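Participant: Provided below are the primary sequence and the corresponding predicted coordinates.
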Amino acid sequence: MAFISDLLGGQPILTLFLAIGLGYAVGQISILGFSLGIGAVLFVGLFLGAIAPKAQIAGPIGLIGLIMFLYGIGILYGRQFFEGLSGPGRIYNLLALVAVVAGLLVALGLGALFNVQLGHTLGIFAGSMTSTATLQAALDVMKTSEPSIGYSVAYPFGVIGPILCFYFLTRRVQPSFPAKPARFHMGEVTIERLPEGSTTLGALMATLPAGVQVSSVRQEDHNRLPDPAVELRRGDALLIAADTAVAVEEAAAMLGRLDPGRVAKDRGDLSYQRFFVSKAGLTGRPLAELPMPAGVPIHVLHVRRYDADLVPVPDLTLEIGDRVGVLVANEHVAKARAHFGDTVKSAAEFSYISVGLGMVLGVLLGLVPIPVPGVGTVTLGIGGGPLIVALILGRLRRTGPISWVMPLPANIVLRNFGLTVFLATVGINSGQAFVRTVAATGPLMLLIGALVLLTTVAIVLLVGYYVLKLPFDDLLGVASGATGNPAILVYATRMAPTERPDIGYAMIFPSATIVKVIAVQIIGLVALGG
């Protein structure tokens, strides 16, 4: 053991990656369906820090990891976050805000009642919310490692607590959900009648049901791309697409009849091809403004993003890694492929220019002092600045030649690696103090953390379901965002198998994180006398 301690103490980088590797392995262990996931890196780091107290990770390595994590979150959820600031999203955010503040008040009240150090109390709050950004804010304001200890004690129940609450509420209310509808439907329609005044394709398209797109026209035994000027006649056929089957059926009833196979079976004139979007210049722009190669007519039939097919409406923007299904003349297939790029490698790549500039702006914003009357000045810090900037950039998508978005696989790698580095650093640097503190007051801190978590989750679930009558899948998304851990969201999507928990999480997680970061800083400044 002494040899291992000396080895780890003399090689902090080795210790860091050992914590990451072993942490991920431990995180995959499932007991009764529960696993710590990425959070296990923290506990392995604590263990290694306890047996090798000299293995301190110096410098900004952990902070770099935290910035990577927060930046990836902001870029991914920027659009949904700003959409959530209007309509029902305002009620959702207000509910989450009340719940988070109530949890913080419980932490402070119980901490004062049982004479728990403020640093430990703030760490307990951060751990019960599994919020790494809040932990960093507490570390910055307290200038000690006490928040790391409270965070570590409260973290496990911060993960399992919401999952148990979701389970019991689901068992009680027995919610039902409609089958997940397909978002892309196609139909081939033979024209038997035309609306009055709709002799051209352009005029006809203006009369079709909302969301219906014409992908190709068949005339005189030949398929052609949808030119608005083409003259239509009875007996022609249209290949149409829409995001609902009902819209396709309505268009068919208006024009004639569904006639499957008439257009698609003939590949003599047009070829259907699927290409990976791998050129950054094509991303972040609406399809209506998308540049196409000169002299090469291309019609985008659908866009495959992750596991869903999307109707190519004019305001849809492409992302690196999308697969576009296009209709193009056989002789132009090679040029069309070169235009989109069509390389799978792009799914794991991103612009280091945009990431570097975005992170610089985030760090700078975190340094800006914000005056708070009666308290002093607070800053968003590393926990808030990069997140806010990334949310804005994720909403903008593109600024001139710079595309801010990144493919989902690259985003996942960036933020997961960043989070593991941060958790491993915190764990290793807090190992010795963690052992001493837990031996003395661990059960008390665990109890406080559980009560903080249950207060937050109970307010969201009970008020949201019984008072505000929120849809159950939205409710689980809001509760997941208020608490924060991605593992909670994964469980929520199992309990409510729709896309709504993901949307609710995206609307709530950023705002809840910002509130936690600022609140912890204000409390720390007040306690320390500014």
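Facilitator: Thanks, I have the structure now.
Participant: mind showing which ranges of this protein have poor pLDDT?
Facilitator: Applying pLDDT under 70 to the chain flags the ranges 32-36, 179-183, 306-307, 346-349, 375, 487, 529-530.
Participant: What ranges does the stretch 151-300 of the chain have for its strands?
Facilitator: Applying DSSP state E, counting those that start in this stretch to the stretch 151-300 of the chain gives strands spanning 185-191, 213-219, 222-224, 237-242, 256-258, 270-276, 298-305.
Participant: Strand partners (parallel or antiparallel) of the last one?
Facilitator: Each strand that strand 298-305 pairs with, and the sense of that pairing, follows from DSSP bridges: strand 308-310 (antiparallel), strand 323-329 (antiparallel).
Participant: next one: the fourth one
Facilitator: Here the strand partners of strand 237-242, with direction, are listed using DSSP bridges: strand 185-191 (antiparallel), strand 213-219 (antiparallel).
Participant: Pull out the CA atoms of that strand and give them to me as PDB.
Facilitator: Extracted in PDB, the C-alpha atoms of strand 237-242 (Å, rounded to 0.1, in the frame of the first residue of the first chain):
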ATOM      1  CA  ALA A 237     -48.500  12.100 -60.400                       C
ATOM      2  CA  LEU A 238     -46.900  13.900 -57.400                       C
ATOM      3  CA  LEU A 239     -44.600  12.500 -54.800                       C
ATOM      4  CA  ILE A 240     -45.500  14.400 -51.600                       C
ATOM      5  CA  ALA A 241     -44.100  14.500 -48.100                       C
ATOM      6  CA  ALA A 242     -45.500  15.800 -44.800                       C
END
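Participant: picking that back up, mind giving me JSON lines with the strands paired with strand 237-242 and columns for mean neighbour count and distance to residue 101?
Facilitator: Placement of C-beta: from N, CA and C, glycine included. Compiled in JSON lines, the strands paired with strand 237-242 are given as follows (neighbours: other CB atoms under 10 Å; distance: least, CB to CB, whole Å):
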{"stretch": "strand 185-191", "mean neighbour count": "21", "distance to residue 101": "45"}
{"stretch": "strand 213-219", "mean neighbour count": "21", "distance to residue 101": "47"}
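Participant: which one of these lies closest to residue 298?
Facilitator: Of all these, it is strand 213-219 that lies closest to residue 298, at 11.7 Å by CB to CB.
Participant: rewinding a little: how about the strands paired with strand 298-305, which one is nearest residue 293?
Facilitator: Residue 293 sits nearest to strand 323-329 of all the strands paired with strand 298-305, at 10.0 Å, using CB to CB.
Participant: who touches residue 194 in this structure?
Facilitator: When contacts are counted by CB atoms under 8 Å, 6 or more residues apart in numbering, residue 194 touches 204, 232, 234, 255.
Participant: From residue 190, how far out is the last one?
Facilitator: With distances taken as CB to CB, to the nearest Å, residue 255 is found 8 Å from residue 190.
Participant: where along the stretch 1-150 of the chain do the strands fall?
Facilitator: In the stretch 1-150 of the chain, no segments count as strands under DSSP E, counting those that start in this stretch.
Participant: can you map out the helices along it?
Facilitator: Under the criterion DSSP state H, counting those that start in this stretch, helices of the stretch 1-150 of the chain are mapped to 2-10, 12-27, 40-51, 61-83, 88-113, 118-128, 132-142, 146-173.
Participant: Could you find the closest non-adjacent residue to residue 431?
Facilitator: In space, and not counting its chain neighbours, residue 431 is closest to residue 49: 2.1 Å by CB to CB, 6 or more residues apart in numbering.
Participant: re earlier: closest one of the contacts of residue 194 to residue 454?
Facilitator: Nearest to residue 454 among those, counting by CB to CB, is residue 255 at 58.3 Å.
Participant: just to revisit the earlier point, dump the strands of the stretch 151-300 of the chain to JSON lines, plus distance to residue 381.
Facilitator: Compiled in JSON lines, those are given as follows (distance: least, CB to CB, whole Å):
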{"stretch": "strand 185-191", "distance to residue 381": "48"}
{"stretch": "strand 213-219", "distance to residue 381": "47"}
{"stretch": "strand 222-224", "distance to residue 381": "59"}
{"stretch": "strand 237-242", "distance to residue 381": "47"}
{"stretch": "strand 256-258", "distance to residue 381": "59"}
{"stretch": "strand 270-276", "distance to residue 381": "39"}
{"stretch": "strand 298-305", "distance to residue 381": "34"}
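Participant: nearest to residue 29, of the ones you listed?
Facilitator: For residue 29, the closest of those is strand 298-305, at 33.1 Å, according to CB to CB.
Participant: Touching that closest one from outside, list them.
Facilitator: Contacts for strand 298-305 (CB under 8 Å, 6+ apart): 184, 215-216, 225-226, 241, 272, 274, 287, 290, 292, 309-312, 316, 318-319, 322-328, 332, 336, 339.
Participant: repeat for stretch 337-353
Facilitator: 273, 275-280, 282, 292-293, 296, 298, 320-321, 324, 402-403, 406-411, 413-414.
Participant: quick one on the thing from earlier: want to throw the contacts of residue 194 into a markdown table with neighbour count?
Facilitator: Shown next, in a markdown table, are the contacts of residue 194 (neighbours: other CB atoms under 10 Å):
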| residue | neighbour count |
| --- | --- |
| 204 | 22 |
| 232 | 18 |
| 234 | 11 |
| 255 | 25 |
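Participant: okay, among these, which ones form the most distant pair?
Facilitator: Using CB to CB, those span at most 12.6 Å, a distance reached by 204 and 234.
Participant: got the angle between the biggest helix by length in the chain and helix 132-142?
Facilitator: The residue-count maximum for a helix in the chain (DSSP state H) belongs to helix 408-458. Per axes from the mean of the first three to the mean of the last three CA atoms, to 10 degrees, the angle that helix 408-458 makes with helix 132-142 is 70 degrees.
Participant: any idea which helix or strand comes after helix 408-458?
Facilitator: helix 472-483 (DSSP states H and E).
Participant: Buried ones in the following helix or strand past that next one, by neighbour count?
Facilitator: Sequence-wise, the next helix or strand downstream of helix 472-483 (DSSP H and E) is helix 486-495. For helix 486-495, the buried set under the neighbour-count rule, 16 or more other CB atoms under 10 Å, comprises 486-489, 491-493, 495.
Participant: What's the first helix or strand after helix 486-495?
Facilitator: Downstream of helix 486-495, the next assigned helix or strand under DSSP H and E is helix 500-527.
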